[in-house]
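Trainee: based on what follows, work out the 3D shape:
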Amino acid sequence: MAKIDMVRNLGVVAHIDAGKTTVSERFLFHSGKIHKVGEVHDGETEMDWMEQERERGITITAAATTFDWKKHEIHLIDTPGHVDFTIEVERSLRVLDGAVVVFCGVAGVQPQSETVWHQADKFKVPRLAFVNKLDRIGASSPTVVADIRERLGANAVPIQLVIGSEESFSGVVDLVTMKALMFTGDVTEAPEVTDIPADLAASAADARDQMIQAIADLDDSIAEKYLEGGELTVAEIKAAIRKATIAVKMVPVLNGTALRNKGIHPLLDAVIDYLPSPADVPPVTGVDPRNTTEKIVRQPKNTEPFAALAFKIAMDDGRKVVFLRVFSGVLEAGDEVLNVRTNKKEKVARLFRVHAAKRERLEKAVAGEIVAVAGLKDATTGDTLCDPKSPILLERIDTYEPVISQAIEADTAAAKERLDFALAKMVEEDPTFRVKDDPETGQTIISGMGELHLEIIVDRMKREYGTAARAGKPQVVYRETILATGEGHAVFERDLKEQQIYGECTCVVRARARGTGMEFKRDIPSIPVFPDVIIAAAMQGLKDAASSGPDGYPLEDVEVTLTKIALKEGANGEIGARAAAAEACRRAVADAQPARLEPIMSVEVIVDDDGLGSVIGDLQQRHGQVQNMEAAGNKRVVSALVPLRNMFGYSTRLRSMTAGGATFRMQMHTYDTLQS
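Mentor: Next up is the predicted model:
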């Protein structure tokens, strides 16, 4: 078991098609973990192990693996690039210490690379940039570096100079050691270290000078030595780059083409040299679940009490496996741990080290490791698991609200049972996937982040659980709001056998600004004084009514204020107040110009000049508002806001309009009033 400073928890993240899975595969091959290189385009990769991933050539789930490089233990997570699976990236970044962000040498910063970058910013994850596919026509490392600086606002600092361009790309100059690394392209051969070619000596010296100036801006001791004209040692430069990278003040940029096996060895060396071990990142902070104002800090040490975050749930032959990042302490098979959310203890049956779809048994896991655990029945994404004697609650992982839904049904009662079982397993695995029964139609409705997301889920249920289910057409998840102010008053009176129920309530509803959500307030006279349970029941009644507006969709952006309660002596006021408040709220909403809201999507299309006109024309036909248009290399990026109901089938339409030459991403922007 490696010492904690010899461990790296690493994610490979990027836009779809930038080559991150290929980079991960090369890492595994060079480290000796796998002995045959699988290619994404042949559907033979280790990390994309699901059948759907191999067929489509994309990554869907974040696959975890562990390998060794130069006596260091590296836990690697290969994450998806498609926006429908953003949650997979988000939850991986939450538990990683560092990331390699892969950029395509031709396309540079693409829409999803921006999303990923901002997610990494949110969690302050130190990162390296790897400019991939440099053997392609039109590839240029300096252009990508300028793009990273400009579009991502990052301090990108090249630590290599490319030797040769496009098809003749053959190596890099390491600006730290001032040696040339020449790549043969043979997957089994390490780069050959030689002197810098004479014709590159001047530009290499110039590039090194720029690198050292960038480091000197962040490091006083380097600045002093540099200004005095002193010679900097390799160890000093490496230490300064490491310090600045871990502090997220600098992003070292490396170059290569993973598919041709060029640039992977230096990238692995850079992971060890510049990305943090669990001991280098700030200790994790949480709160005491019994007193949430009290902050607790856990150092990444084995001697501290055990604390871990469950960041992913996977099903293995129908059995639940929980992926954990251990932040402190030691976990052994057979230990009892506390799930802080449920406040229940659970027993860890088995521990594994994971390699994509395979696993290896472990006796214990230590601080800083990423492991898989069997036996935890109740744990879900974002749960804190800790030592029952020293409880701590770590920050949860944000989830996203689904925007698209469709009906799904089984043919027979037996198939329905299997379908319900499969759906329950999928919900456990994926926090952005929801299932509910529609009370009016009796249908089962599934909701998710996009058409591809639901398509993959239905496909997985067929293959993994043998469910023969029919999925309906995708539907938009609407909301409702009000456009004016309204007041409602209601009396609820019932005589049951044993007791009388009575309640009387008045409430006022007002429209709030778009995107501000719901607010429930009370403004009732101070006399008479009502018991807390009565007020709580009335407030719950308001919330009950807000979950379904006049058309049956949840209310959004409404302020609901309880203004009056009246009770009757001897009657049950708790049930009465709740029922009266709910009815008063419904009447107030009906009185305040209710309106339907629909999801408006932020759509970004990357297209070349030839297809620009037809893309813009098509977006306008879909009632889209074009917000912005900018150049990105030799492509155009069109940003627009479009109602989701007009975006179904867009990927097929875009492919046919541009002969497959355009890509797009779409994500939820806001809810707005329904346009006719």
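Trainee: so what's the residue count around residue 153?
Mentor: By the criterion of other C-beta atoms under 10 Å, residue 153 has 11 neighbours. Bear in mind the C-beta positions are built from the backbone N, C-alpha and C, glycine included.
Trainee: what sits closest to residue 256 if chain neighbours are left out?
Mentor: Distance criterion C-beta to C-beta, 6 or more residues apart in numbering; nearest residue to residue 256, sequence neighbours excluded, is residue 263 at 1.8 Å.
Trainee: how close does residue 569 sit to residue 643?
Mentor: Relative to residue 643, residue 569 is positioned 53 Å away (C-beta to C-beta, to the nearest Å).
Trainee: ok, residue 512 next?
Mentor: Here the distance between residue 512 and residue 643 works out to 21 Å (C-beta to C-beta).
Trainee: okay, now the sheet partners of the longest strand seen in the chain, with direction.
Mentor: When the chain is parsed with DSSP state E, its longest strand is strand 594-607. Sheet pairing here is set by DSSP bridges, and for strand 594-607 it gives strand 479-482 (antiparallel), strand 635-643 (antiparallel), strand 663-673 (antiparallel).
Trainee: the longest one: how far from the chain's middle?
Mentor: Centroid displacement of strand 663-673 relative to its chain, using C-alpha atoms, centre = their mean, to the nearest Å, is 17 Å.
Trainee: and for stretch 372-382?
Mentor: 19 Å.
Trainee: show the average pLDDT along stretch 391-406.
Mentor: Averaged over stretch 391-406, pLDDT sits at 71.
Trainee: look up phi and psi at the residue lying closest to residue 421 once chain neighbours are set aside.
Mentor: The spatially closest residue to residue 421, leaving aside those adjacent along the chain, is residue 465, at 6.9 Å (C-beta to C-beta, 6+ apart). According to degrees, to the nearest 10, the main-chain angles of residue 465 amount to phi -120, psi 0.
Trainee: counting neighbours, what do you get for residue 465?
Mentor: For residue 465, the neighbour count with other C-beta under 10 Å is 17.
Trainee: doesn't residue 423 make contact with it?
Mentor: No. Checked against C-beta atoms under 8 Å, the pair residue 465 and residue 423 is beyond contact range at 9.2 Å.
Trainee: residue contacts, the residue nearest to residue 421?
Mentor: 318, 418, 421-422, 425 (C-beta atoms under 8 Å, 6 or more residues apart in numbering).
Trainee: kindly report the same for residue 394.
Mentor: By C-beta under 8 Å, 6+ apart, residue 394 lies in contact with 284, 286, 307, 309, 327, 384.
Trainee: beta partners of the closest residue to residue 362 other than its chain neighbours?
Mentor: Leaving aside its sequence neighbours, residue 362 sits nearest to residue 351 (C-beta to C-beta, 6+ apart; 4.2 Å). Counting by DSSP bridges, residue 351 is bridged to residue 362, residue 373.
Trainee: wait, what's in contact with residue 351?
Mentor: Residue 351 neighbours (C-beta under 8 Å, 6+ apart): 331-333, 361-365, 371-373.
Trainee: A strand includes residue 447, no?
Mentor: Yes. Assessed with DSSP: H, G, I helix; E, B strand; the rest coil, residue 447 lies in a strand.
Trainee: and the pLDDT at the residue nearest to residue 256?
Mentor: 83.
Trainee: check residue 557 too.
Mentor: In this model, residue 557 is scored at 91, pLDDT.
Trainee: that one touches residue 515, doesn't it?
Mentor: Yes. Counting by C-beta under 8 Å, residue 557 touches residue 515, with 7.0 Å between them.
Trainee: who has more neighbours, these two?
Mentor: residue 557 (21 against 11).
Trainee: how close does the nearest residue to that one once chain neighbours are set aside sit to residue 670?
Mentor: Distances taken as C-beta to C-beta, 6+ apart place residue 512 nearest to residue 557, at 4.5 Å, with adjacent residues excluded. For residue 512, the distance to residue 670 equals 13 Å [C-beta to C-beta].
Trainee: the two: which is more packed in?
Mentor: residue 512 (16 against 13).
Trainee: contacting residues for that one?
Mentor: With C-beta under 8 Å, 6+ apart, residue 512 has these contacts: 519, 557-559.
Trainee: look at it and report its pLDDT.
Mentor: Per-residue confidence (pLDDT) for residue 512: 91.
Trainee: and residue 57, by the same measure?
Mentor: At residue 57, pLDDT is 38.
Trainee: repeat for residue 137
Mentor: pLDDT for residue 137: 85.
Trainee: as TSV, the contacts of residue 512 with distance to residue 639 and secondary structure would be great.
Mentor: Listed next are the contacts of residue 512 as TSV, based on distance: C-beta to C-beta, whole Å; DSSP: H, G, I helix; E, B strand; the rest coil:
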residue	distance to residue 639	secondary structure
519	31	strand
557	24	coil
558	30	strand
559	32	strand
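Trainee: between residue 569 and residue 643, which is the more surrounded one?
Mentor: Using other C-beta under 10 Å, the more surrounded residue of residue 569 and residue 643 is residue 643, with 17 against 7.
Trainee: now do the SS call for residue 530.
Mentor: coil.
Trainee: got a list of what it touches?
Mentor: 524, 565, 567.
Trainee: looking at the residues you listed, which is nearest residue 586?
Mentor: residue 565 (16.8 Å; C-beta to C-beta).
Trainee: dig out what the closest one forms beta bridges with.
Mentor: residue 505.
Trainee: quick one: it from residue 506, how far?
Mentor: Relative to residue 506, and taking C-beta to C-beta, residue 565 is found at 8 Å.
Trainee: likewise for residue 386?
Mentor: 47 Å.
Trainee: okay, these two: which has more neighbours?
Mentor: The neighbour count for residue 386 versus residue 506, taken as other C-beta under 10 Å, is higher for residue 386 (26 against 20).
Trainee: so that one touches residue 340, yeah?
Mentor: Yes. Counting by C-beta under 8 Å, residue 386 does reach residue 340; the two are 6.4 Å apart.
Trainee: between these two, what contacts are shared?
Mentor: residue 392.
Trainee: run through the stretch 401-550 of the chain and note the low-pLDDT ranges.
Mentor: 401-403, 431, 439-441, 474 (pLDDT under 70).
Trainee: run the last query once more with 90
Mentor: By pLDDT under 90, the low-scoring segments of the stretch 401-550 of the chain are 401-479, 494-500, 513-517, 522, 524-532, 547-550.
Trainee: of the contacts of residue 394, which belong to strands?
Mentor: 284, 286, 307, 309, 327, 384.
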